[in-house]
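[1] Below: sequence and its predicted model.
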Amino acid sequence: MTQYLIMCRSLTKAQSSVKLLERAGITAAVVKAPQNLSSGGCGYAVSLHRKFDEAVSLLSKNNLLNGKLFRRMESGEYAEVFR
């Protein structure tokens with residue numbers, strides 16, 4: 001199953017994003033961002049496995065999308081997703 005990460009600028013933004021997605025029926029979780037993906041060293045991300053496009057659209061409409069987007073490859077590496 002494909003994992004997507006939506007980077008967030010703070011833990012609070014990540015938590016707000018997950019709450020919004022869960023209310024819309026999109027399963028998501030707050031995770032500590034992998035060190036190589038977080039520019040500040042202690043970043044957080046929203047992790048989800050389904051409905052990525054729907055999640056991005058919903059977060060964008062609610063001004064909660066302000067970080068980079070990544071997809072985990074089969075190799076375990078992350079590739080940036082451009083919209």
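    Sure thing, it's come through. All values reported here derive from a predicted model rather than from experimental measurement. Numbering: from 1, shown residues only.

[2] mind listing the helices for this structure?
    Secondary structure of the chain by DSSP state H: the helices cover 11-23, 52-61.

[3] tell me what the longest one is packed against?
    The reference is to helix 11-23. For helix 11-23, the packing partners by 3 or more C-beta pairs under 8 Å, 6 or more residues apart in numbering; DSSP states H and E come out as strand 4-8, strand 29-32, strand 44-48, helix 52-61. (Each C-beta comes from the backbone N, C-alpha and C, glycine too.)

[4] what is the mean pLDDT for the longest one?
    Here helix 52-61 scores 97 as its mean pLDDT.

[5] Over to the first one?
    Per-region confidence: strand 4-8 scores 94 on mean pLDDT.

[6] List the neighbours of that strand that are in contact with it.
    14, 17, 31, 33-34, 37-38, 43-49, 52, 55-56, 59, 64-72, 78, 81 (C-beta atoms under 8 Å, 6 or more residues apart in numbering).

[7] Sketch out the low-pLDDT regions of the protein for me.
    The chain contains residues with pLDDT under 70 at 39-42.

[8] Give me the outermost residue of it relative to its centroid.
    Ser75 (19.2 Å; C-alpha atoms, centre = their mean).

[9] which residues does that residue contact?
    Contacts of Ser75 by C-beta under 8 Å, 6+ apart: none found.

[10] again with Val56
    Ile6, Leu65, Leu69, Arg83.

[11] do the same with Phe52
    Tyr4, Arg71, Val81.

[12] and of the residues you listed, the nearest to Gly25?
    Tyr4 (16.3 Å; C-beta to C-beta).

[13] Now that closest one: closest residue in space, sequence neighbours ignored.
    Phe52 (4.7 Å; C-beta to C-beta, 6 or more residues apart in numbering).

[14] can you check Arg72 too?
    Closest to Arg72 by C-beta to C-beta, 6+ apart is Gln3, at 4.2 Å.

[15] doesn't Val46 make contact with that neighbour?
    No. Applying C-beta atoms under 8 Å, one finds Gln3 not in contact with Val46, separated by 11.0 Å.
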